[in-house]
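[1] Next comes the sequence, and after it the predicted model I'd like to discuss.
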Amino acid sequence: MKYVFMLVLLIVAACGALMVGVIGYRWVHNMTETARVMPGERVFPMPAGVVPRGGALILPREQREEAAKRANPIRPTPASVAIGQTHFATFCVPCHGPAAKGGVTGPVATKFIPPPDLTNPEFQRQRTDGFWHSYIMAGGAVMPAYAEALSSEEAWHLVNYLRSLVAAK
């Protein structure tokens, strides 16, 4: 009887070890064989002429003349100007300063070429809303592009805020 008990105990232990081994093998095997996406592993080109869902076409700097012809789709309401002011405080103040006067009023501007005075009526008159939008999204000679940080709509709100700076003068 003692040997039968030991044999049954050995069979139960062997079955348990086999089950643990199968589960462990499947878990490890599945984790290594599962399809996964590695960043930068494969780049899928966008088909020509498509725009990501919820996005907008951003013309490159080389097509600024074409971008300058675009009309601002966002009306310059107080709410729009307030949104633009928020984005201005986040993205523009470091270079253009809190009052958008340019020069060396921004804390970062002292390290670079002084940015222009955005409150200058003549400076603003020479540029269309589409130009401003393109400059914000695609960048300029010194100014970085903010297309990855701002949506197109947010950039239009920013344009409305910039326009309000001259109107407030």
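    Done, it's in.
[2] Name the nearest residue to Ile74, sequence neighbours excluded.
    Counting by C-beta to C-beta, 6 or more residues apart in numbering, Ile74 lies nearest to Trp156, which is 4.1 Å off, once chain neighbours are set aside. Where you see a C-beta, it was placed from the backbone N, CA and C, and this is true even at glycine.
[3] That neighbour contacts Trp132, doesn't it?
    No: in terms of C-beta atoms under 8 Å, Trp156 does not count as a neighbour of Trp132; the distance is 9.0 Å.
[4] what about those two, which has more around it?
    Per other C-beta atoms under 10 Å, whichever of Trp156 and Trp132 has more neighbours is Trp156, with 28 against 22.
[5] okay, which residue is most central for this protein?
    Taking C-alpha atoms, centre = their mean as the criterion, Glu148 is the residue nearest the geometric centre of the chain, at 3.1 Å.
[6] Just read off the phi/psi values of that residue.
    With angles defined as degrees, to the nearest 10, Glu148 sits at phi -90, psi -20.
[7] swap in the one 3 residues further on?
    With angles defined as degrees, to the nearest 10, Ser151 shows backbone torsions of phi -80, psi 170.
[8] what sits against it?
    The neighbours of Ser151, taking C-beta atoms under 8 Å, 6 or more residues apart in numbering as the test, are Gly55, Ala56.
[9] Show me which parts of stretch 88-99 are buried, residue by residue.
    Across stretch 88-99, burial judged by 16 or more other C-beta atoms under 10 Å covers Phe88, Phe91, Cys92, Val93, Cys95, His96, Gly97.
[10] Any buried residues in stretch 120-127, and which?
    Burial within stretch 120-127, assessed by neighbour count using 16+ other C-beta under 10 Å, is assigned to Asn120, Gln124.
[11] nope, stretch 142-153 is what I meant
    Within stretch 142-153, the residues that count as buried by 16+ other C-beta under 10 Å are Met143, Ala145, Tyr146, Ala147, Leu150, Ser152.
[12] Just the ones of those residues in helices?
    Mapping the buried residues of stretch 142-153 onto helices (DSSP state H) picks out Ser152.
[13] what's the following helix or strand after the helix or strand of the chain at the bottom of the mean pLDDT ranking?
    Per-element confidence for the chain was summarised using mean pLDDT, DSSP states H and E. The lowest value among helices and strands belongs to helix 2-33, with a mean of 87. Reading on from helix 2-33 to the C-terminus, the next helix or strand found by DSSP states H and E is helix 64-68.
[14] Thank you, goodbye.
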